[in-house]
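**Q** Give me coordinates for this.
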Amino acid sequence: MSEYTSMELGPLDAWHALDGAAPGKVFLDRELGATNSGVSVNGLAAGQSSPFWHRHARTEEVYVFLGGTGRMALGDEVVEVREGSAVRVAPNTWMAVHADADSATDLRFVCVRAAGVPLAEIGNDAEMSHEPFPWA
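**A** Residues are numbered from 1 along each chain as shown. Modelled structure (predicted):
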């Protein structure tokens with residue numbers, strides 16, 4: 001068997017109640033023991049905001065929104081976000097997230113953090129197999 005770790009996050013509608021590094025936030029890399037990828041899952045209840053602005057000196061972040069509506073402040077700009085939005089945040093960009101007060105659901109999103117060598121330096125290191133799946 002492969003070495004792996006897993007955990008249950010519960011339904012998306014309950015992500016605002018996650019209890020991790022901050023209310024509504026769990027760093028999966030910490031919980032799962034990941035060493036080469038940074039991922040957090042986040043839920044902001046309607047009307048809720050990030051607890052503070054933040055930026056990273058060397059880390060790029062990609063936010064993928066899975067539900068709700070809201071806004072991201074990115075430096076001096078504000079962009080609307082909703083289910084299906086994806087936002088890349090460059091290093092040294094101050095940012096914060098806000099869930100609209102009238103959002104029909106929590107603002108739910110995944111944040112992926114990466115730094116180090118560009119993926120282009122690694123190239124395509126994937127290998128494929130067409131063996132049957134165990135559930136076939």
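**Q** For the nearest residue to residue 6 once chain neighbours are set aside, grab phi and psi.
**A** In space, and not counting its chain neighbours, residue 6 is closest to residue 32: 7.3 Å by Cβ to Cβ, 6 or more residues apart in numbering. For the C-beta atoms, the positions are set from N, CA and C on the backbone; glycine is no exception. Main-chain dihedrals, residue 32, degrees, to the nearest 10: phi -100, psi -10.
**Q** give me the element residue 80 is part of.
**A** strand 77-82 (DSSP states H and E).
**Q** Buried residues of that strand, list them for me.
**A** residue 81 (16 or more other Cβ atoms under 10 Å).
**Q** what does stretch 80-99 give?
**A** Here stretch 80-99 shows 81, 85, 87, 89, 95, 97, 98, 99 as buried, counting by 16+ other Cβ under 10 Å.
**Q** re earlier: so what's the residue nearest to residue 6 scoring on pLDDT?
**A** Looking at residue 32, its pLDDT is 90.
**Q** thinking again about what came up before, parallel or antiparallel, which strands does the strand holding residue 80 pair with?
**A** strand 69-74 (antiparallel) (DSSP bridges).
**Q** sorry, back to before: now, among the buried residues of stretch 80-99, which is nearest to residue 45?
**A** Of all the buried residues of stretch 80-99, residue 45 sits closest to residue 99, with 6.5 Å by Cβ to Cβ.
**Q** so how far is residue 39 from that closest one?
**A** 20 Å (Cβ to Cβ, to the nearest Å).
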